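Peer 1: Everything below, folded, please.
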Amino acid sequence: MKHYLPHISVLLLLILFSFCLPMSAQAEDSPSEEISNISVSVSFTDLSARQKILPDLSFACPENTTPEQLLEQLVNYAYLSDYTVEQDILTDIKLEDHTNTISYGSDGVWSLKINGRLSDTLLNPLADGDSLSWEYLSTNTSSIEAQEPSRSYSLLTSPETLWDDSYDSALSSTIGWLKESHTTFSAFFSLGAAGVSVEYRDLQNMMTSVSSAEYQSAATLAEDILSVSFCGIHASSVKGTDLIAKLSEFPNISEGGSLSAMLSLIAVDSNDYPLPSDGINTRQTLQQNILTSQNTDGGFSASKGNESTIFHTALAITALSPYYSDETIALALQNALRYLSNMQNYDGSFPGTTEYPTALSTAAVIVALFASGAQADPDDFIKGHNPIEALLTFQNQNGGFSPEIGEPADEKTTIAGLLAMCAAKGRRNICVLRTPILLNTAVVSQSSETDASEISDTEVSAVSANSPSFHWMTIIPLLFSILAVLAVLEILFLYRKRYRKKKSSTKSKP
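Peer 2: Model (predicted):
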């Protein structure tokens, strides 16, 4: 027995290590397996200018994330270029706008509300479903204009405005109706323009559908570009799909009539998306396609040779207004605005394809007036009543807009109505994002239940930490187990050898 004692000792040690090491590996891995995400929503508002600094955002972050750590995530995702926290208080944020840096904090104060209640610390862990609202109040009103991004926004310069604060309740009820009743992704365009965030599941469904769509119409493609853009998603990277490239190379866009060209130009200008100069469709070709549909009465038609319509004329003005510095386009805009003014009813409304007023035509004109900015004289469009008053006559008690008075509300008309009210309230081109989306700031699906259109390095690390991996601690127990088996085999071999030798010596004795 004493001959086998060293081998038995080694065997027992090997078996002991083979049991202990898996337990230590499991203990080491257990913290990462327990990590789970929570979902929070985030907003940044400039109370002095009464505008959103960033589109409303939705994030998934690890449990126990604090507001200050969330700010760091916003920098990682490039929503913010930098931020400053002093004594547990946010004092400044910075945003990049192409070549400019915009600072909020040097002449104002920040406050944080979590679920509507003021928070006096940035160190408390967040809970799933929390809503964070950072609010900035400038103490220097003269700096508000300087803080605006360098993009040019068209504003009606006349002191007479179409919006009255009494319309705010109508705006709120329209948002509520559309959030509850929408069935298309186009609703996200108008909701985004109103500063309303989209639910995780809706956003993910849209991204999945849009990224795999085979477009037969350039107008539909343009509508989807607007929808994803106003959800904070860069249209050139939607789950790996480049919608701008698709639009640039869309064949025979003129076959869709002037509507396709108008919507396409509005879509690419919504976020100043670049169109390759050697592509099938450029800004110049889209402009020319639109201009060919203008008639001698100043109005625009669905296609060359057809009669002018209020809707197509308003849409053409919205599409062409950013290019009014071009003499040809400036003249076309003047004639189009004159046509609209001549077609307006005394009650402020505009007719559709028949003599009867429609909400869609009236809303489209309101959007066009604010897109055209100084090109339009509001006095030319305020007769017996202004267009907003006329538009609200089409609103039902449930908040939705009906195509004609007395009809049920529908989604298409309500989308147009909401865009018109937002344009009038903000007094600007509502089809252009106030804060441009850079490619690396595209909103990704932050829900742990869904995929993302883009995944940053931070997200990759988080995913890797929660994914099964081949850990070095798993291979050592395996090696010890193999060695233990070899040790057993060696003991058996030695035992067998000694047994044979003993048996042989026994037989050799007389």
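Peer 1: Show the subsequent helix or strand relative to the strand or helix carrying residue 220.
Peer 2: Element membership of residue 220 [criterion: DSSP states H and E] is helix 218-229. Sequence-wise, the next helix or strand downstream of helix 218-229 (DSSP H and E) is helix 243-248.
Peer 1: So which elements touch that next one?
Peer 2: Other elements packing on helix 243-248 under the criterion 3 or more CB pairs under 8 Å, 6 or more residues apart in numbering; DSSP states H and E are helix 218-229, helix 257-269. Glycine gets a C-beta too; all of them are placed from N, C-alpha and C.
Peer 1: Could you pull up the mean pLDDT of the first one?
Peer 2: Looking back up the chat, that one is helix 218-229. Throughout helix 218-229, pLDDT has a mean value of 96.
Peer 1: Equivalent analysis for the last one, please.
Peer 2: Model confidence over helix 257-269, given as mean pLDDT, is 95.
Peer 1: Now do the helix or strand following that helix against helix 218-229, angle only.
Peer 2: As assigned by DSSP H and E, the chain's next helix or strand after helix 257-269 is helix 283-291. Per axes from the mean of the first three to the mean of the last three CA atoms, to 10 degrees, the angle that helix 283-291 makes with helix 218-229 is 120 degrees.
Peer 1: Can you tell me what sits against helix 283-291?
Peer 2: With contacts defined as CB atoms under 8 Å, 6 or more residues apart in numbering, helix 283-291 is touched by 253-254, 258, 261-262, 264-265, 268, 275, 300, 316, 319-320, 323, 328-329, 332.
Peer 1: now do stretch 114-131
Peer 2: Contacts of stretch 114-131 with the rest of the structure, by CB under 8 Å, 6+ apart, involve 38-41, 43, 61, 63-68, 70-71, 85, 88-90, 111-113, 132-133.
Peer 1: In ChimeraX, how would I select the buried members of those?
Peer 2: In ChimeraX, a selection of the buried entries from the contacts of stretch 114-131 looks like this (16 or more other CB atoms under 10 Å):
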select :38,39,40,41,43,61,65,67,70,71,90,112,132,133
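Peer 1: Next step: the contacts of stretch 114-131 restricted to strands.
Peer 2: Counted as lying in strands by DSSP state E, out of these, are 38-41, 43, 61, 85, 89-90, 111-113, 132-133.
Peer 1: Pick out the most distant pair among the residues you listed.
Peer 2: Across those, the longest distance by CB to CB is 25.6 Å; it joins 39 and 89.
Peer 1: what's the one helix or strand residue 335 maps to in contact with?
Peer 2: Mapping residue 335 onto the secondary structure by DSSP H and E places it in helix 327-343. By CB under 8 Å, 6+ apart, the surrounding residues in contact with helix 327-343 are 287, 291, 294, 297-300, 308, 310, 313-314, 316-317, 320-321, 323-324, 350-351, 365, 368, 372, 375-376, 380-381.
Peer 1: again, 6 Å this time
Peer 2: The contact list for helix 327-343, computed with CB atoms under 6 Å, 6 or more residues apart in numbering, reads 291, 294, 297-299, 310, 313, 317, 320, 323-324, 365, 375-376, 380.
Peer 1: Weed out the non-buried ones from the residues you listed.
Peer 2: Counted by 16+ other CB under 10 Å, the contacts of helix 327-343 give 291, 294, 297-299, 310, 313, 317, 320, 323-324, 365, 375-376 as buried.
Peer 1: Compute the number of surrounding residues for residue 60.
Peer 2: A count of nearby residues for residue 60, using other CB atoms under 10 Å, gives 23.
Peer 1: Contact partners for the residue lying closest to residue 398 once chain neighbours are set aside?
Peer 2: Excluding the flanking residues, the one nearest residue 398 by CB to CB, 6 or more residues apart in numbering is residue 177, at 5.6 Å. Counting by CB under 6 Å, 6+ apart, residue 177 touches 398, 399, 400.
Peer 1: would you say residue 177 is within a strand?
Peer 2: No - assignment of residue 177 by DSSP: H, G, I helix; E, B strand; the rest coil gives helix, placing it outside any strand.
Peer 1: Pull up the gap between it and residue 230, please.
Peer 2: 18 Å (CB to CB, to the nearest Å).
Peer 1: cool, and residue 358?
Peer 2: Applying CB to CB, the value for residue 358 to residue 230 is 24 Å.
Peer 1: quick one: average confidence on stretch 105-125?
Peer 2: For stretch 105-125, the mean confidence score works out to 85.
Peer 1: And it, how far out from the chain middle?
Peer 2: Centroid separation for stretch 105-125 versus its chain: 24 Å, with CA atoms, centre = their mean, to the nearest Å.
Peer 1: Straight-line length of stretch 295-310, end to end?
Peer 2: End-to-end span of stretch 295-310 (CA to CA, to the nearest Å): 12 Å.
Peer 1: still on that earlier bit, how close does the residue nearest to residue 398 sit to residue 287?
Peer 2: Counting by CB to CB - residue 177 and residue 287 are separated by 36 Å.
Peer 1: just residue 253 next, same as before
Peer 2: To residue 287, residue 253 is 12 Å away according to CB to CB.
Peer 1: in stretch 164-178, what's buried?
Peer 2: Neighbour-count burial for stretch 164-178 flags 167, 170, 171, 173, 174, 175, 177, 178 (criterion: 16+ other CB under 10 Å).
Peer 1: Export only the CA atoms of that stretch, formatted as CSV.
Peer 2: Presented in CSV, the C-alpha positions along stretch 164-178 are these (Å, rounded to 0.1, in the frame of the first residue of the first chain):
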residue,chain,number,x,y,z
ASP,A,164,-52.8,82.1,-30.0
ASP,A,165,-52.2,80.5,-26.7
SER,A,166,-55.8,79.5,-26.5
TYR,A,167,-55.0,76.9,-29.2
ASP,A,168,-52.7,74.9,-26.8
SER,A,169,-55.5,72.6,-25.6
ALA,A,170,-56.4,71.8,-29.2
LEU,A,171,-52.8,70.9,-29.9
SER,A,172,-52.6,68.7,-26.8
SER,A,173,-55.8,66.8,-27.7
THR,A,174,-54.5,66.2,-31.3
ILE,A,175,-51.3,64.7,-29.9
GLY,A,176,-53.3,62.5,-27.6
TRP,A,177,-55.6,61.3,-30.5
LEU,A,178,-52.7,60.5,-32.8
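Peer 1: what's the burial count for residue 276?
Peer 2: Residue 276 - counted by other CB under 10 Å - has 12 other residues nearby.
Peer 1: Just want the phi and psi numbers for it.
Peer 2: Phi and psi for residue 276, reported as degrees, to the nearest 10, are phi -60, psi 140.
Peer 1: picking up where we left off before, could you report the pLDDT at the residue nearest to residue 398?
Peer 2: 95.
Peer 1: Over to residue 300?
Peer 2: Looking at residue 300, the pLDDT reads 97.
Peer 1: So it sits against residue 314, correct?
Peer 2: No - counting by CB atoms under 6 Å, residue 300 does not reach residue 314; the two are 8.6 Å apart.
Peer 1: So these two - more neighbours on which side?
Peer 2: Using other CB under 10 Å as the criterion, residue 300 and residue 314 rank with residue 300 on top: 32 against 29.
Peer 1: Residue ranges in the stretch 51-200 of the chain under the pLDDT threshold?
Peer 2: 78, 97-100, 139-162 (pLDDT under 70).
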